[in-house]
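# Please find the sequence and the predicted model below.
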Amino acid sequence: MKRLPEIQINLFQLAVLLDEEDKKFYDYVIAHNVYCSHCRGVAKEGIDVEEVYLTDLNDIRVQGRCKVCNGVVGRLFEYGEKKDFYERANRFRNSIKI
Ligand SMILES: [Zn+2]
């Protein structure tokens, strides 16, 4: 199988990709469940998302900053494991011709 390229997407494109359940999970994790290595624990105030990527496995990877210490943090959302998300992501890739 051909490896998909990792592409950077914007927040509007992310919103199109996530269904209601995905979005709830995403919002929860961003606010309560991203590990910050500087704080040595969960980013207590959540994070500011700066960059979003659709990975080669159709997972979502975000990079941002901890709202407490401003340290760089990242989180992978393994949405690509869900068949409906994976197919939605492929349709999205086709629609933007990458
Ligand atoms: Zn922190």
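Received it, and whenever you're ready, just let me know what you need.
# Sketch out the low-pLDDT regions of the chain for me.
Across the chain, the ranges flagged by pLDDT under 70 are 1, 98.
# and it, which of its residues are near the ion?
Contact residues, the chain versus the ion (CB under 5 Å from the ion): 36, 38, 39, 66, 68, 69, 71. In short, each C-beta sits where N, CA and C put it, glycine included.
# Report the buried members of those residues.
36, 66, 68 (16 or more other CB atoms under 10 Å).
# give the contact list for residue 37.
71, 73 (CB atoms under 8 Å, 6 or more residues apart in numbering).
# What of residue 47?
So residue 47 contacts 30, 34, 36, 62, 64, 65, 66, 67, 73, 75 (CB under 8 Å, 6+ apart).
# could the residues you listed go into TSV alongside secondary structure?
What follows is the contacts of residue 47, written out as TSV (DSSP: H, G, I helix; E, B strand; the rest coil):
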residue	secondary structure
30	helix
34	coil
36	strand
62	strand
64	strand
65	strand
66	strand
67	coil
73	strand
75	strand
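# So what's the residue count around the nearest residue to residue 3 once chain neighbours are set aside?
Counting by CB to CB, 6 or more residues apart in numbering, residue 3 lies nearest to residue 56, which is 5.4 Å off, once chain neighbours are set aside. By other CB atoms under 10 Å, the residues close to residue 56 number 13.
# ok, now the one 4 residues further on?
Under the neighbour criterion other CB under 10 Å, residue 60 is assigned a count of 22.
# What about the residue nearest to it when sequence neighbours are not counted, how many residues nearby?
The spatially closest residue to residue 60, leaving aside those adjacent along the chain, is residue 77, at 4.3 Å (CB to CB, 6+ apart). Per other CB under 10 Å, the neighbour tally for residue 77 reads 19.
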